[in-house]
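J.: sequence and computational prediction follow.
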Amino acid sequence: MKNSILLMLILLILSTQTSFTQRLKKPIDYRFQKGLKGFQNIIMPNIKFPLSSLENGEVGISITRISISPAGKIVDTKIINSIDSGIDNEALRVIKLTSDKWIPCDTIIHNQVFYVQLIFSILGYQASQCDSKLPEFRRLFLDPVMITGIKGNKSTTKFFIDQELADKTNSLLDAHNYNEALPFVNELIKRDPFNEQLYKVRILINSNLNRPDQLEEDKNRIANFAEGLSLDRILQHN
């Protein structure tokens, strides 16, 4: 009888220690083989800058929300900040390569969410990365992976730096040319998806264009950017 009680106590202590250790670690550290480094070691050598995206000067911070079951299966993927179809598809492709590396966890009963950040960059663009110290943000958002490409001479698409995009947006808004201003704001959001003011500008534009669906989408994005975290709360801890 005493031996049975002692064994139960040992098992309880071990279980408590495991749960405590998991709370101290970021979820990616115990849900993926070799943690964040293991995840990046799969992504970095396999990710490619799609040629069409590169030639068109498509840059920005691709953000993909992935959901992992307690059994260690990817049950859902969703592009949260889209750059273009080529980059979106490439992000989904490399994330799929991690499918067999997720670790089952018998101490949780719900799916766990992670946000994968991939920065697609060329000369003349510097990503506005979010460096929030909010614990919830740091548990959810994996450190960004940088993919840098060199734009070839074949492309005829003009590449605008951020300030040029902002100047064009302001000029068009002053003239009430909302339809023409919208693509420039969209481009700025691709590059700086954590900028709350940009969403507010797009809300203003869609309000004037009488597009309630898009307007509500951005309002929801500001209020609930990731798993109950508002942009305001995330940025307060920058």
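T.: It's in.
J.: contacts for the host helix or strand of Pro183?
T.: Here Pro183, judged by DSSP states H and E, is contained in helix 178-191. Here helix 178-191 makes contact (CB atoms under 8 Å, 6 or more residues apart in numbering) with 58-61, 81-83, 125, 127-128, 160, 162, 165-166, 168-169, 172-173, 195, 198-199, 201-202, 205-206, 208-209. Any C-beta I mention is one placed from the backbone N, CA and C, and that applies to glycine too.
J.: filter the residues you listed to the buried ones?
T.: Taking 16 or more other CB atoms under 10 Å as the criterion, what is buried in the contacts of helix 178-191 is 58-61, 81-83, 125, 127, 160, 162, 165-166, 168-169, 172-173, 195, 198-199, 201-202, 205-206.
J.: restricted to strands, list the residues you listed.
T.: Among the buried ones among the contacts of helix 178-191, the ones falling in strands (DSSP state E) are 60-61, 81.
J.: quick one: Ile63 is in a strand?
T.: Yes - assessed with DSSP: H, G, I helix; E, B strand; the rest coil, Ile63 lies in a strand.
J.: just to revisit the earlier point, which one of the ones in strands among the buried ones among the contacts of helix 178-191 is nearest to Met44?
T.: Nearest to Met44 among these, counting by CB to CB, is Ile61 at 16.1 Å.
J.: not counting sequence-adjacent ones, nearest residue to Ser67?
T.: Counting by CB to CB, 6 or more residues apart in numbering, Ser67 lies nearest to Asp76, which is 4.1 Å off, once chain neighbours are set aside.
J.: and the one you found, its phi and psi?
T.: phi -160, psi 140 (degrees, to the nearest 10).
J.: check contacts around the residue most central in space within the chain.
T.: In the chain, the C-alpha nearest the mean C-alpha coordinate belongs to Ile63, at 2.7 Å (CA atoms, centre = their mean). By CB under 8 Å, 6+ apart, Ile63 lies in contact with 79-81, 115-117, 193.
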